[in-house]
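In: Have a look at this prediction, sequence included:
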Amino acid sequence: MSVGLAFAGAHTGVAPVEQGEKNVPEFEPAFEMQTRAPAISNPVTLSTETVVEGLAHPWGIEVLPGGGYLVTEREGRLRVIDAEGELKAAIKGVPQVLNMEQGGLLDVALAEDFEQSRRIFFTYAKPMEGNMSATAAATGVLNADMTVLSEVEDIFVQDPPSPSPMHYGSRIVLDGDYAYVTTGEHFTQEERVLAQDKGATYGKVIRVTLSGETPDDNPFVDEEGSVDTIWTLGHRNVQGADIHPETGDLWTLEHGPQGGDELNLIEAGANYGWPEVSYGEQYGGAPIGTGEPRAEGFTEPRYYWDPVIAPGGFTFYEGEMFDWNGDVIASSLYPGGLVRLTLDGDRVNGEARYLAEELGRVRDIEVDADGSVLVLTDYADGAVIRVMPATASN
């Protein structure tokens, strides 16, 4: 299919994309274009093609060297799509997951030396004793014909375990000798406060070595009562994370409540405020925490949405097929489709929305070797869909 869409740079004074009324209209942004940045203009025609169908709530995707993809299904299956587009049988050796509500097999990443080591990393909802579960990150070795995963070891397990199968996060991003793992705070009123507790790994960005050890330069290593793997705190449910290709900085994308989805620039030791402050409100309309969008000591999001886009994964675009290099390309579960943000340094200066009706619920984004954008649609009969430019409009 082909659709006319917004494309190219932002323009000061241009109205934002159409998105409906704010849930909390009394909240003003802390700085210009922190929300509702000008709509990116200049139309181009995009086309989509289905790579493969028949995936059960796919959650994470990685491009394999030489072609093909590694995809997780939330139910607990790790699948290969070969270079010809054939969906292979589930890989054996994946650990048991808690496939309930938002729990299951979540993100997947390839080691930087995957072609030699065959090592992969993944996150999942780990079943625990007493009907409990926790966000976990693990590593394993995938055999040459990509049918069996062996040498599986957890490198992080969230603590304490939770009785609530909600808000697990979770992305895993590899950065040299380290892995960043994002977690959620399990949603309930009783548990969400642990996002502010440095003695628990709820609502955090975690930093560990690739074997699960604590790096000596983590910010809370020498602080009594703090978990030494914590990198940042005060998050709600972080389902997007990527390294900026030019600066090397980690950025994250997290679900807000009713309003208040956030794009954050991650700084070691920073506190992002949840659930004390938020640009959103409770689902019933009551205030969050202090009832204020910001307070001293909390780090401001680089961008926020009200109403929400319900974000999943995102990536900084790098490729030849689109003139989007360095832009944020984010998934949206509601209203769906893709969201693109242009940046000026660490500030957003333009936004566009694409293919909401055509794609529906998008859980993850990846860029293929040819520069096309791959999306995972989050349905019981989900798909990998390729997005490409067609003919540009004059």
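Out: Nice, I can see it. Numbering: from 1, shown residues only.

In: Mind exporting the C-alpha coordinates of the helix or strand where R207 lies to PDB?
Out: Assigned by DSSP states H and E, R207 belongs to strand 205-209. The C-alpha coordinates for strand 205-209 follow below in PDB (Å, rounded to 0.1, in the frame of the first residue of the first chain):
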ATOM      1  CA  VAL A 205      17.600   1.600  34.300                       C
ATOM      2  CA  ILE A 206      20.100  -1.100  35.300                       C
ATOM      3  CA  ARG A 207      23.700  -1.300  34.200                       C
ATOM      4  CA  VAL A 208      25.700  -4.500  34.400                       C
ATOM      5  CA  THR A 209      28.600  -6.100  32.600                       C
END
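
In: Run through who's touching that strand.
Out: Residues from elsewhere that reach strand 205-209 (Cβ atoms under 8 Å, 6 or more residues apart in numbering): 137, 155-156, 177-183, 214-215, 218, 229-232, 235, 238, 241, 250, 252, 266. C-betas here are computed from N, CA, C, even on glycine.

In: which is the next helix or strand following the worst-scoring helix or strand of the chain on mean pLDDT?
Out: Least confident helix or strand, the chain: strand 2-6 with a mean of 39, by mean pLDDT, DSSP states H and E. For strand 2-6, the succeeding helix or strand toward the C-terminus, using DSSP H and E, is strand 43-55.

In: so what does whatever helix or strand comes next after that next one touch, helix or strand wise?
Out: Counting by DSSP H and E, the next helix or strand C-terminal to strand 43-55 is strand 58-63. Contacts defined by 3 or more Cβ pairs under 8 Å, 6 or more residues apart in numbering; DSSP states H and E place strand 58-63 against strand 69-73, strand 105-110, strand 362-367, strand 373-377, strand 382-392.

In: Make TSV from those and add distance to A330 to it.
Out: Output for those, formatted as TSV (distance: least, Cβ to Cβ, whole Å):
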stretch	distance to A330
strand 69-73	19
strand 105-110	15
strand 362-367	7
strand 373-377	11
strand 382-392	13
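
In: With respect to the ones you listed, which exhibits the lowest mean confidence?
Out: Ranked by mean pLDDT, the helices and strands packed on strand 58-63 bottom out at strand 382-392, with a mean of 87.

In: what does that strand contact?
Out: 2, 7, 44-58, 61, 69, 71, 81, 321-322, 338, 354-355, 359, 363, 368, 372-377.

In: among the residues you listed, which ones are buried?
Out: 7, 44, 46, 48, 51-52, 55-58, 61, 69, 71, 81, 322, 338, 354-355, 359, 363, 368, 372-377 (16 or more other Cβ atoms under 10 Å).

In: Please tell me how far the residue most central in space within the chain sits from F220.
Out: Residue closest to the mean C-alpha point of the chain, counted by Cα atoms, centre = their mean, is G240 at 1.4 Å. Going from G240 to F220 by Cβ to Cβ, to the nearest Å gives 24 Å.

In: what does V362 give?
Out: Taking Cβ to Cβ, one finds V362 at 34 Å from F220.

In: ok, those two, which is more surrounded?
Out: V362 (29 against 18; other Cβ atoms under 10 Å).

In: Identify the residue nearest that one in space, chain neighbours excluded?
Out: S331 (3.8 Å; Cβ to Cβ, 6 or more residues apart in numbering).

In: Isn't that neighbour up against L374?
Out: No. With contact defined as Cβ atoms under 8 Å, S331 does not reach L374; the gap is 10.7 Å.

In: Where does pLDDT dip in this structure?
Out: For the chain, applying pLDDT under 70 flags the ranges 1-13, 42-43, 391-394.

In: Quick one: the helices in it, in order.
Out: Per DSSP state H, the chain carries helices over the ranges 114-117, 189-192, 356-359.

In: what comes up buried for the last one?
Out: If I follow you right, that is helix 356-359. For helix 356-359, by 16+ other Cβ under 10 Å, it's A356, L359.

In: and what of the first one?
Out: Burial within helix 114-117, assessed by neighbour count using 16+ other Cβ under 10 Å, is assigned to F114.

In: if we can go back for a sec, how close does the residue nearest to V362 sit to F156?
Out: 24 Å.

In: Could you do G297 as well?
Out: G297 is 27 Å from F156, by Cβ to Cβ.

In: What residues sit buried inside stretch 276-285?
Out: E276, V277, S278, Y279, G280, E281.

In: Sorry, slip of the keys, the one I care about is stretch 158-166.
Out: So for stretch 158-166, counting by 16+ other Cβ under 10 Å, buried means Q158, P161, S162, S164, P165, M166.

In: Pull the residues that contact that stretch.
Out: Against stretch 158-166 from outside (Cβ under 8 Å, 6+ apart): 98, 100-103, 125, 128-136, 183-184, 186-188, 191, 200-202, 227.

In: buried subset of the residues you listed?
Out: Buried, going by 16+ other Cβ under 10 Å: 98, 102-103, 125, 128, 133-136, 183-184, 186-187, 191, 200-202, 227, out of these.

In: Out of the residues you listed, list just those in strands.
Out: A125, M128, S133, A134, T135, A136 (DSSP state E).
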